[in-house]
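Trainee: Turn this into a model:
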Amino acid sequence: MLLIYGVLCIALLAAIASVARWLAPPGDHRAATAGALAFAAFPVLYFGFLHAASLSVPVLPLDPWSEEGKAGLLVVVLGAVAQEVCRLLSLLAVILILRKMPSAVWHGLGFGAAELLYISLGTIASSIALFLPFGSAVTLPELSAFDVLLGIIERFSAIAGHIVYSYVACFALARRKRLWLIVPFGGHAAINMLGAAMPRDYAIAVVFVGTLTVATVTILFVLHRKLAWLR
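Mentor: Predicted coordinates for the structure are as follows:
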């Protein structure tokens, strides 16, 4: 099932890239590249934060009431902050180099696509590793068909979220409204914290992913209408 999940992630990526051509024609490849590079730079900043704070990546789910859980939530928040700092720096770099505002749709898509590609290639490589000589030492999570479906929906929501964050960040920079940057930083951190502390229960997961997906797509639709000049 893990291999199927990886292949479906690739298919999702291709489908979203095709839809994006309708949303923001023509494709702003420089903005998409900047978004992808922002994701590539994110681990460097993230692990730099963790090293400075003497923290390590936690095992999920977290108990938010324990001392270990509180430290884990801080790590999760730092991950969101690191991603948004990289997003902001990449947008500023495009503005300084090209002297124009990049497409928010393609920048967010580039960021989300790079993340999805990383996840999909990782899962495919892990599945293939089972058939190699050292495959007996590889331990992979057991996924059901429902897990795969829920995971694909969550990844779709994540890409839509990255486009939303890029829209808001572009608006904040274009209109010099720095307080609007609270939205991508705060929203990303809050979602990460909820996801990390959420009990691993199917009913809760369905409600969380379903609500997040509907809310994110709705916000994206509104921003796409209201901020057409940033497409």
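Trainee: Now do the SS call for the residue of the chain positioned farthest from its centre.
Mentor: Residue farthest from the centre of the chain, counting by Cα atoms, centre = their mean, is residue 133 at 33.7 Å. At residue 133 the chain is in coil, as set by DSSP: H, G, I helix; E, B strand; the rest coil.
Trainee: Equivalent analysis for the one 10 residues further on, please.
Mentor: The three-state label for residue 143, taken from three-state DSSP, comes out as coil.
Trainee: my guess is it meets residue 2, correct?
Mentor: Yes - the criterion here is Cβ atoms under 8 Å, and residue 143 meets it with residue 2 at 5.8 Å. Backbone N, C-alpha and C define where each C-beta goes, glycine included.
Trainee: Low-confidence ranges, this structure, go.
Mentor: 25, 134-140 (pLDDT under 70).
Trainee: helices or strands next to the longest helix seen in it in the packing?
Mentor: Across the chain, the longest stretch assigned as helix under DSSP state H is helix 67-98. Helix 67-98 is packed against helix 29-52, helix 104-129, helix 145-174, helix 182-197, with contacts defined by 3 or more Cβ pairs under 8 Å, 6 or more residues apart in numbering; DSSP states H and E.
Trainee: so how far is the last one off the chain centroid?
Mentor: Chain-centre distance of helix 182-197: 11 Å, with Cα atoms, centre = their mean, to the nearest Å.
Trainee: got the angle for that helix vs helix 67-98?
Mentor: Note on geometry: by axes from the mean of the first three to the mean of the last three Cα atoms, to 10 degrees, helix 182-197 and helix 67-98 are set 150 degrees apart in direction.
Trainee: And the second one, by the same measure?
Mentor: Going by the same axes, to 10 degrees, helix 104-129 is angled at 130 degrees with respect to helix 67-98.
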